[in-house]
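S.K.: here is a sequence together with a model predicted from it:
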Amino acid sequence: SLSGPTIRYGGSGSSGQIYITSASPSISGSTISNSGGAGVYIASGSPSISGSSFVFNSAEGLRSAAALTNVSGNSFTSNGSAAIKIPATIGSNVINNTYSGNQINGMLLSGHISSGVNVTWPASNSPYVIEAKAASPNSLNVPSSSTLTIEPATVIKFKAELTGGQHTDKDRSLKISGVLNATNVVFTSFFDDSSGGDTNNDGSSTAPLPGDWNRIYFNGGGGNLSSCTISWGGNSEVSGMIYIEGSTVATVIDATTIAHSQNWGVYVYSGAAPTITATAFSYNGQGGLLSKLAVSNLSSNSFTDNTGPAVKIPAGIGSDVSNNSYSGNQINGMFLSGHVPSGSNIIWPASNSPYVIEAKAASPNFLKIPATSSLTVSAGTVVKFKAELAGATHTDKERGLYISGRLDATGAVFTSFFDDAYGGET
């Protein structure tokens, strides 16, 4: 037991001034400073470390290779690396730690969530900084048998580097094969001082940019993102800042802000269709939402100032797709790909207007309604047909509808992509 001592000017290299292996000492009210390595290095064991100050250590204040049972109420100041570096599973009663003046002012998370566990990241340790990279197996993985819950008011950042004034090494991500639950959580750039403070400890020298991290990748897993802010990611060639592939349960995204992705805000590739409601998509580099699937619930979302379509979705849209609004996007509307599915009865509600048809007239590229299907275009709906503008000339104008089944449209408008009189400036 160490209670109240000052321990300084020891340590060297990759070790620590206090080195713990297969032991569980108690350290409280202590000052641990000026180590040549980490202040405390935990190789194994379950120490209790509370109410202590870690100051001016050359490496981390505290570095652990094991999840811990009690690290609480400590302060980490002016250490030469991360304040704390700890496995992503973190442990129990790891709370109320504070950081200032460190090379990384936060809890740097290494490795992955362990299998078969329910892990909680408390808000009182914010910000958390994800170290793992996107290249397999270097995402921070939540396995299929595990759940990660992030407490409200937590800030998550994704580590990157600054090289010659350029943001580099930006491919960190979260990979969810199990369950992620997050309410009122911020996921953002390592360089974003507006949430979680000056994590990279450079004052105002850097600011966030689109693509500063990769993505939240739902790969077979699912979860709930409610009232979150997710921004400055999307560093991937063909993807989204949230990417859904092969999920066996529907991910729910509600009342969330998704902004400043370098790519799509959300990209749905395969698996269970997500529910996306009351969410704001803005300033995303390829568009707001791209889905290869009909979405079961896409309602009351706003799409603003996205570089690309507000929404790109199959023509079979989904069962509850309504009340979505658009402004300032490259395409202000619901951009429809593919055809109406066989054996289906599809409704395009007016509250999503305008719809923009992508399919071209050259067979088989009409937007087709098969013989076994019907399409109902609700009263007040505006349908436009995409074209291009080359100089002052309208080009690429061969879009069409091909009806082998049934089309019902009462009080609908079918018009040019360039017709602002109906459906606004699409």
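M.R.: Everything's here; your move. Numbering: from 1, shown residues only.

S.K.: contacts only, for the residue nearest the centre of the chain.
M.R.: Closest residue to the average C-alpha location of the chain: residue 216 at 4.2 Å, with CA atoms, centre = their mean. Contacts of residue 216 were listed using CB atoms under 8 Å, 6 or more residues apart in numbering, and they are 173-174, 176, 180, 187, 225, 230, 233, 241-243. Just so you know, the C-beta spots here come from the backbone N, C-alpha and C atoms, and that holds for glycine as well.

S.K.: count of neighbours near residue 376?
M.R.: Residues near residue 376, counting by other CB atoms under 10 Å, number 17.

S.K.: re earlier: can you report phi and psi for the residue nearest to the centre of the chain?
M.R.: With angles defined as degrees, to the nearest 10, residue 216 sits at phi -100, psi 110.

S.K.: that one bridge partners, please.
M.R.: For residue 216, the beta-bridge partners are residue 174, residue 242 (DSSP bridges).

S.K.: distance of it from residue 225?
M.R.: 8 Å (CB to CB, to the nearest Å).

S.K.: per-residue pLDDT, residue 137?
M.R.: In this prediction, residue 137 carries a pLDDT score of 57.

S.K.: wait, I meant residue 50
M.R.: You'll see residue 50 listed with a pLDDT of 97.

S.K.: bridge partners for it, pull those for me.
M.R.: residue 28, residue 72.

S.K.: show me the shaky parts of the stretch 151-300 of the chain.
M.R.: 237-238 (pLDDT under 70).

S.K.: returning to what we had before: could I get the contacts of residue 216 as CSV with neighbour count and distance to residue 94?
M.R.: Output for the contacts of residue 216, formatted as CSV (neighbours: other CB atoms under 10 Å; distance: CB to CB, whole Å):
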residue, neighbour count, distance to residue 94
173, 26, 23
174, 27, 19
176, 28, 22
180, 24, 19
187, 28, 20
225, 26, 23
230, 27, 24
233, 34, 26
241, 32, 28
242, 28, 27
243, 24, 29
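
S.K.: closest to residue 86 among those?
M.R.: residue 174 (16.6 Å; CB to CB).

S.K.: who are the contact partners of that closest one?
M.R.: Each residue near residue 174 by CB under 8 Å, 6+ apart is listed here: 130, 139-140, 142, 156, 180, 187, 215-217.

S.K.: just give me the closest of the residues you listed to residue 256.
M.R.: Of the contacts of residue 174, the one sitting nearest to residue 256 (CB to CB) turns out to be residue 187, at 9.8 Å.

S.K.: can you name every helix or strand that the helix or strand hosting that closest one contacts?
M.R.: Secondary structure from DSSP states H and E places residue 187 in strand 186-189. Helices and strands touching strand 186-189, as assessed by 3 or more CB pairs under 8 Å, 6 or more residues apart in numbering; DSSP states H and E, comprise strand 155-158, strand 229-231.

S.K.: looking at these, which is nearest to residue 42?
M.R.: strand 155-158 (23.3 Å).

S.K.: strand partners (parallel or antiparallel) of that closest one?
M.R.: strand 128-130 (parallel), strand 186-189 (parallel).

S.K.: other residues contacting the first one?
M.R.: Contacts of strand 128-130 from elsewhere in the structure, counted by CB under 8 Å, 6+ apart, are 82, 88, 104, 106-109, 121, 140, 154-159, 172-174, 190, 199, 213.

S.K.: apply 7 Å and report the result again.
M.R.: Residues outside strand 128-130 that contact it (CB atoms under 7 Å, 6 or more residues apart in numbering): 104, 106-109, 121, 140, 154, 156-159, 172, 174, 190, 199.

S.K.: what's the answer for stretch 373-382, then?
M.R.: 340-350, 353-355, 369, 383, 405-413, 415, 422-423.

S.K.: now that stretch - C-alpha only, PDB.
M.R.: C-alpha atoms of stretch 373-382 as PDB (Å, rounded to 0.1, in the frame of the first residue of the first chain):
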ATOM      1  CA  SER A 373     -46.100  -5.100 -59.100                       C
ATOM      2  CA  SER A 374     -47.800  -1.800 -58.600                       C
ATOM      3  CA  LEU A 375     -46.600   1.700 -57.800                       C
ATOM      4  CA  THR A 376     -48.900   4.300 -56.300                       C
ATOM      5  CA  VAL A 377     -47.700   7.900 -56.500                       C
ATOM      6  CA  SER A 378     -49.600   9.800 -53.800                       C
ATOM      7  CA  ALA A 379     -51.500  13.000 -54.500                       C
ATOM      8  CA  GLY A 380     -49.200  16.100 -54.400                       C
ATOM      9  CA  THR A 381     -46.100  14.100 -55.200                       C
ATOM     10  CA  VAL A 382     -43.500  15.500 -57.600                       C
END
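
S.K.: list the buried residues in it.
M.R.: 373-378, 381-382 (16 or more other CB atoms under 10 Å).

S.K.: also stretch 356-372?
M.R.: Across stretch 356-372, burial judged by 16+ other CB under 10 Å covers 356-360, 365-370.
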